[in-house]
Each structure stands twice: as C-alpha cells, then as structure tokens.
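Undergrad: 3D, please:
(one chain, ligands or ions: 1)
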Amino acid sequence: MTDQADQSRRNFLYVAAGGMGAVAAGAAVVPFVASMMPAADTLAAAKTEFDVGTVEPGQLVVIQWQGKPVFVVHRTEALLKQVDGHDEMLKDPNSEAIPEVQAEWMDTPEKRKYRAIKPEYLIVVASCTHLGCIPLFKPTPGRKDWGDSVPEDWPGGWHCPCHGSLYDISARVIKGSPAPHNLHVMPYKYLSDTKVVIG
Ligand code: FES
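TA: Below you'll find the predicted structure:
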C-alpha cells in the first residue's frame, strides 16, 4: 500500500450511525450500505444522533442522514489554521450562493468561515455538488502527499476523483472546479458537549 493510500485509510472511516439513539462510532467500521433504505417520506423526517467525541483528532468518518452520506471531521488546531488565507481561491467563501450551503445556525462570521457550530467538528453532506460523488479527504497542505490531483498551493481539503473538483478544509469549493457550490450543510444542534442530532 502506498503512503498516500495508507494515510487516506487511516483518516477515513465509514461509521454506522442510525436514527435517534442508534449510534455506533469508533468501534464499528463497516461499508456504507445504500440498500437498506426506508421509504422516502420516512427518510425525509429522519434524524441522526451522533457523538462527535468518538471521532479521533484529524480523522474523518462518514455517517448517514436521511439516506445521504455525511462527513464528520474532527479538525485539529493545525487543520483549523488551514481554513484561513486563501479566500481568493474560493467560489463562495462566505457560503452565500444558494440556500443549501447555508443553515440557521450559521449566524456569525466565525461559523460561516468554519461552517460549523463548533469549529473543531465539521459536519457536511458528503456529496460533490457537481454530480454527487463522494470526494476524497486530502487534508495535508501542499502537493507532496497528493501528487497532481491537487494544485501546488493546495490548502488541504477534499478532491473529487470523478471530474476533479476541489474543496478546502471547510468544504468550500475551489475556483476552476466543475462543482458549482460548497458542500451542503444541514440543520443540527448539540444535545450535550459532543452529542449532536442532525435534521
Ligand atoms: S462529481 Fe465531483 S467533480 Fe464531478
């Protein structure tokens, strides 16, 4: 296995998270299963409860909410610093373009920048806004770890392998990407220090 593949594997886990009260995180690493979907109207009302405290620093997990994959990233201090300094590279740095990239909780400049209620935990829909692929997590800045898939001045974030869209570490789309918008956000709130309910 290459260093790049090994790092991706370590930083990227699929985690089973069910509806209210049915949470398995950290211990259960399972494939993302799309075939066990309830009816559409049930899905649209579904909430997902998840303990973000189970995500290791620097790690990304994928959970399900209303049948969609959702990224949960535990951003370290170093990853949070990577949010700054490249607004000129972004199509929509303040997430103003469409309702799907905004949320009621995004009510301060800091929450808009970090796209999170608590900056250290980013929670976004894991579907590229071009044609819906799941982007790959490539958090290390620069090109060394990721080769030609990212530009020389890569700030760290996601690369969509389908048609090359790029997103920064706040899931904001980078200019030149075929994806038109930042990754979507959703309603969620904290029930305790680390437990969130999405939807
Ligand atoms: S689906 Fe992501 S770039 Fe096309």
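Undergrad: please count neighbours and contacts with C-alpha atoms only from this point.
TA: Fine.
Undergrad: for the chain, which residues are neighbours of the ligand?
TA: Residues of the chain found near the ligand (C-alpha under 6 Å from any ligand atom) are Cys128, His130, Leu131, Gly132, Cys133, Cys160, Cys162, His163, Gly164, Ser165, Pro178, Ala179.
Undergrad: could you turn the buried ones of those residues into a ChimeraX selection?
TA: The buried residues among the residues of the chain next to the ligand can be selected in ChimeraX (16 or more other C-alpha atoms under 10 Å) with this line:
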select :128,130,160,164,165,178,179
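Undergrad: ranges for the helices of the protein?
TA: 3-11, 40-45, 77-81, 109-114 (DSSP state H).
Undergrad: distance from stretch 119-128 to the middle of the chain?
TA: Taking C-alpha atoms, centre = their mean, to the nearest Å, one finds the center of stretch 119-128 at 3 Å from the center of the full chain.
Undergrad: how far does that stretch stretch from one end to the other?
TA: With C-alpha to C-alpha, to the nearest Å as the measure, stretch 119-128 spans 21 Å from end to end.
Undergrad: again with stretch 80-94
TA: Terminal-residue distance, stretch 80-94 (C-alpha to C-alpha): 16 Å.
Undergrad: which residue would you name as the spatial centre of this protein?
TA: Among the residues of the chain, the one closest to the centroid is Phe71, at 3.6 Å (C-alpha atoms, centre = their mean).
Undergrad: circling back: could you dump the residues of the chain next to the ligand into TSV with pLDDT added?
TA: Formatted as TSV, those follow (pLDDT from 0 to 100):
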residue	pLDDT
Cys128	98
His130	98
Leu131	97
Gly132	97
Cys133	97
Cys160	97
Cys162	96
His163	97
Gly164	97
Ser165	98
Pro178	98
Ala179	98
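Undergrad: okay, now the unreliable bits of this protein?
TA: Residue ranges of the chain with pLDDT under 70: 1-38.
Undergrad: roughly how far out does stretch 155-167 sit from the chain middle?
TA: 12 Å.
Undergrad: quick one: contacts of it?
TA: Residues outside stretch 155-167 that contact it (C-alpha atoms under 8 Å, 6 or more residues apart in numbering) are 82-83, 86, 128, 130, 133-142, 149-150, 168-171, 173-174, 176-179, 182-183.
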